[in-house]
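Sequence and predicted structure, then a few things I'm wondering about:
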Amino acid sequence: DSPIILNELTQEEYMQIPLLRQVLRLTEILVESGKIKLTLRGALPTAIVRQIYSVGTPDRFIEEYKTERLIEDDSKTVQRTNIILKILGVTKTQKGIITLTVRGKRLIKDKHQLLSELLKAFTYSFNWAYFDCYENEDVGQRGAGFSLLMVSKYGREWKRDNFYAQKYFAAFPIFEKEKGWREEFPGENCYIVRTFERFMLELGLIEIQEEKIKNDKDSHESFYIHQYIRKTELFDKMLTFKL
């Protein structure tokens with residue numbers, strides 16, 4: 001009964017989704033090799049990490065420092081891909097070896113069904129707070145559909161990321177009222193990072209434009225960054241809203 005409908009895309013359009021590209025690359029490796037042997041620490045081998053990372057959204061820190069030996073802990077997108085596939089039951093790990101499940105072999109043959117299952121796992125099962133230190137784990141993830149609706153409505157033009165954050169907190173005021181939370185962590189930043197950088201950007205639904213602003217108040221920082229959000233053409237192709 002959701003008012004958000006996931007439409008079928010062309011094969012080329014599916015490959016515009018960074019999360020799906022990474023999922024397919026990992027499962028392709030498993031199909032080709034039959035299995036992946038994890039390191040002694042239980043992580044993906046560095047060569048495979050590099051392959052999966054290369055087809056996803058670039059990480060600013062990794063790109064800036066050009067890390068040659070990339071381990072799984074270095075890349076949030078690779079970690080997330082690995083975790084979500086386990087949540088979905090596409091892969092399983094036994095005695096330090098990852099293999100595809102019967103369900104996984106069936107699911108990767110249908111990109112539309114795979115994307116549908118990925119979206120459910122991403123929004124309902126995977127914890128968006130996994131990669132940050134913000135106290136409230138619900139911000140952004142609770143009401144993700146509302147955020148999608150806002151971008152559908154206003155996203156044709158570039159808008160500041162806090163434009164959406166303010167509307168989100170107006171719709172869900174419970175998150176602003178939690179004692180001690182907003183004093184310690186900026187609520188808007190929490191919402192922005194989780195919703196745009198780690199959710200919509202990973203689905204190919206938005207593009208982000210940054211503007212450097214000179215900082216005259218803080219002697220330690222020469223500038224700060226404003227982010228502007230606009231939906232991609234893929235957004236309206238992928239999602240339909242019936243309210």
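Structure's in. What do you need?

For the rest of this, base every contact and every neighbour count on C-alpha atoms.
Noted.

what about Lys167, neighbour count?
Neighbours of Lys167 under the rule other Cα atoms under 10 Å: 14.

Now the helix or strand containing it: buried residues?
Assigned by DSSP states H and E, Lys167 falls within helix 161-171. Under the neighbour-count criterion of 16 or more other Cα atoms under 10 Å, helix 161-171 has 161-162, 164-165, 168-169 buried.

Chain neighbours aside, what residue packs nearest to Asn127?
In space, and not counting its chain neighbours, Asn127 is closest to Glu137: 7.6 Å by Cα to Cα, 6 or more residues apart in numbering.

where's that neighbour relative to Leu205, distance?
23 Å (Cα to Cα, to the nearest Å).

Please identify which of those two sits among more neighbours.
Leu205 (24 against 15).

and the closest residue to that one other than its chain neighbours, how many neighbours?
Excluding the flanking residues, the one nearest Leu205 by Cα to Cα, 6+ apart is Phe235, at 4.7 Å. Other residues within reach of Phe235, judged by other Cα under 10 Å, total 19.

Likewise for the one 5 residues further on?
Here the neighbour count serves as a burial measure; for Thr240 (other Cα under 10 Å) it reads 15.

quick one: contacts for it?
4-7 (Cα atoms under 8 Å, 6 or more residues apart in numbering).

contacts for stretch 19-33?
By Cα under 8 Å, 6+ apart, stretch 19-33 touches 14-15, 36, 48, 51-53, 55-56, 77-78, 81-82, 85, 99-100, 108, 115, 202-203.

all strands for the chain, in order.
In the chain, the strands defined using DSSP state E lie at 4-6, 36-37, 91-94, 97-100, 159-160, 206-214, 223-231, 239-241.

Which stretch among those strands is buried most, on average?
strand 97-100 (a mean of 18; mean count of other Cα atoms under 10 Å).

for it, packing partners?
Identification of packing neighbours for strand 97-100 by 3 or more Cα pairs under 8 Å, 6 or more residues apart in numbering; DSSP states H and E yields helix 18-33, strand 36-37, strand 91-94.

tell me which helix or strand of this protein sits lowest on mean pLDDT?
helix 181-184 (a mean of 45; mean pLDDT, DSSP states H and E).

In terms of pLDDT, where does the residue nearest to Thr93 when sequence neighbours are not counted sit?
Excluding the flanking residues, the one nearest Thr93 by Cα to Cα, 6+ apart is Thr99, at 6.6 Å. If you check Thr99, the pLDDT there is 97.

how far away is Thr99 from Gln51?
The spacing between Thr99 and Gln51, counted by Cα to Cα, is 17 Å.
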